[in-house]
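> Task: produce atomic coordinates for the following.
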Amino acid sequence: MPELNAPSRVVVVGDALIDVLRDSKASREFAGGAALNVAVGLAILGVPTTLIAMVGDDADGAVLRSFLDQYGVQLIATPGPLGSSRAVSDRTDGEPRYFFNDAAKARRIEFGVTERAALAAAAVIVVSCFPFDDTAQTEAFIACITDPEHRLVIDPNPRAGMLHDGPRFVRNFEALAARSLLVKVGDEDADLLYDSTLDELRERLVEGGAQTVLATAGPLGASVAFENNGLVSVPIAELDGPIVDTMGAGDATLAASVCTIMNDGVPQDSTAWEALLADAMLTAAATCRHEGALLRRP
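Residues are numbered from 1 along each chain as shown. Coordinates of the predicted model:
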């Protein structure tokens with residue numbers, strides 16, 4: 001797997017939305033979305049970052065733009081004809097239930113001259129929570145990327161409330177995963193998209209041609225399968241204080257992993273991959289000690 005020799009900016013492609021958290025006590029709102037979380041997390045870690053996402057010309061859009069500006073993330077926005085996306089996490093009865101507004105369900109990204117130029121110049125491209133079940137959007141995105149094996153990182157991050165065609169999502173995601181530098185998947189992805197275990201999904205992606213697969217298993221930690229049948233695993237990191245919110249754990253893991261690749265290059269052996277995972281687990285653990293999905297460091 002080659003070293004990265006490219007400009008130092010990461011371009012993240014995917015969703016930006018308002019997260020609404022409801023429980024029996026109150027309702028709180030945060031700027032969120034998986035791609036936005038990763039982009040802001042990378043900026044917090046000192047990596048110059050651009051986000052390509054749909055953002056409406058409305059009050060929620062103003063909140064998203066202000067939040068990204070606060071953390072120094074450059075935004076290239078596709079206008080949202082139905083406004084900005086919203087996701088409601090209702091926790092009043094224990095397990096969270098998720099609801100999405102019409103804008104989120106119909107989200108799309110346009111890949112014009114500005115977007116193509118940003119993608120062409122990126123050292124690493126990260127795509128998270130992208131509508132892979134929209135073949136036209138997927139093909140438009142793929143057409144913008146040269147050399148995906150050396151700089152494309154994919155986190156499918158599907159959401160049941162925004163998923164229109166599961167089999168099509170899987171086909172388009174796997175076709176791109178086979179050509180990527182790194183694929184990140186979680187146990188929720190394995191359950192929603194494949195009705196399988198995380199280990200089975202990791203093995204499926206490797207057999208399908210993915211050169212590196214990072215798999216996150218919540219309280220069971222994370223693993224990475226890499227070339228020549230390499231596999232390393234690390235447990236979750238233990239930190240002081242209670243776990244407050246696990247919403248941003250996966251996004252923090254991805255941001256920390258990409259940051260390590262940007263700073264040190266792609267790991268070349270088990271020791272380096274284990275160090276990458278250990279740092280990512282520390283970042284995820286710190287993030288989980290706070291409400292919301294904003295990346296934190298211990």
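
> Just want to check the distance between Thr271 and Val234.
12 Å (C-beta to C-beta, to the nearest Å). Where C-beta positions appear, they are placed from N, C-alpha and C, glycine not excepted.

> What segments of the stretch 1-150 of the chain are helices?
Here the stretch 1-150 of the chain has its helices, by DSSP state H, counting those that start in this stretch, at 34-44, 59-70, 102-105, 113-121, 135-142, 148-151.

> Please tabulate those in JSON lines, including the columns mean pLDDT.
Shown next, in JSON lines, are the helices of the stretch 1-150 of the chain (pLDDT from 0 to 100):
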{"stretch": "helix 34-44", "mean pLDDT": "98"}
{"stretch": "helix 59-70", "mean pLDDT": "98"}
{"stretch": "helix 102-105", "mean pLDDT": "96"}
{"stretch": "helix 113-121", "mean pLDDT": "96"}
{"stretch": "helix 135-142", "mean pLDDT": "97"}
{"stretch": "helix 148-151", "mean pLDDT": "96"}
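
> any idea which helix is longest in this protein?
When the chain is parsed with DSSP state H, its longest helix is helix 270-287.

> Please work out which of the helices of the stretch 1-150 of the chain is packed deepest.
The highest average neighbour count among these, using mean count of other C-beta atoms under 10 Å, belongs to helix 34-44 at a mean of 28.

> can you give me how far that one is from the chain middle?
Remark: helix 34-44 is offset 8 Å from the chain centroid, using C-alpha atoms, centre = their mean, to the nearest Å.

> outside of stretch 171-182, which residues touch it?
For stretch 171-182, contacts defined as C-beta atoms under 8 Å, 6 or more residues apart in numbering pick out 1, 124, 132-133, 135, 138, 142, 148-154, 156, 183, 193, 205, 208-214, 257, 261, 266.

> Buried ones among these?
Using 16 or more other C-beta atoms under 10 Å as the burial test, those include 124, 132-133, 138, 148, 150-154, 156, 183, 193, 205, 210-214, 257, 261, 266 as buried.

> Which ones among these lie within strands?
124, 152-154, 183, 213-214 (DSSP state E).

> Return the member of those residues nearest to Asp15.
Nearest to Asp15 out of those is Ile154 (C-beta to C-beta; 14.0 Å).
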